[in-house]
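[1] Attaching a predicted model along with its sequence, questions to come.
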Amino acid sequence: MSIAGSSWGDALTRAHQQAEIRQAFDRYAAKLLHPPLSSLQSESRAGLPHGLLDALKRLFDLKD
């Protein structure tokens, strides 16, 4: 195999590894955010979720 072929294969391997790492972090973020988002949805169905909205605003430094 030539050096160019080797570099191409290495680049594909790195790209694949980066894609797997990105996917793992996306899954972790989704898993981390699922409980608070589910709670917010449940509270919004039950009425106005002012307490949860205020907590989310403070946690994520959100502005009105």
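    Here it is on my side, so go on. These numbers were taken from a predicted model, which means no experiment stands behind them.

[2] Look at residue 53 and say how many residues are nearby.
    Other residues lying near residue 53 total 15 when counted by other CB atoms under 10 Å. (Glycine included, C-beta is placed from N, CA and C.)

[3] contacting residues around it?
    For residue 53, the contact set (CB atoms under 8 Å, 6 or more residues apart in numbering) comprises residue 40.

[4] What strand or helix carries residue 42?
    Using DSSP states H and E, residue 42 sits in helix 3-46.

[5] And that helix, how far out from the chain middle?
    Taking CA atoms, centre = their mean, to the nearest Å, the mean C-alpha location of helix 3-46 is offset from the chain mean by 6 Å.

[6] Next secondary structure element downstream of it?
    As assigned by DSSP H and E, the chain's next helix or strand after helix 3-46 is helix 50-59.

[7] Please point out which parts of that next one sit buried.
    residue 52 (16 or more other CB atoms under 10 Å).

[8] Need the CA coordinates for that helix. CSV is fine.
    Below are the C-alpha coordinates for helix 50-59, written out as CSV (Å, rounded to 0.1, in the frame of the first residue of the first chain):
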residue,chain,number,x,y,z
HIS,A,50,-43.6,28.5,36.8
GLY,A,51,-41.3,26.8,39.3
LEU,A,52,-39.7,24.6,36.7
LEU,A,53,-39.3,27.3,34.2
ASP,A,54,-37.6,29.5,36.8
ALA,A,55,-35.2,26.7,37.7
LEU,A,56,-34.4,26.0,34.1
LYS,A,57,-33.7,29.7,33.5
ARG,A,58,-31.3,29.8,36.4
LEU,A,59,-29.6,26.5,35.5
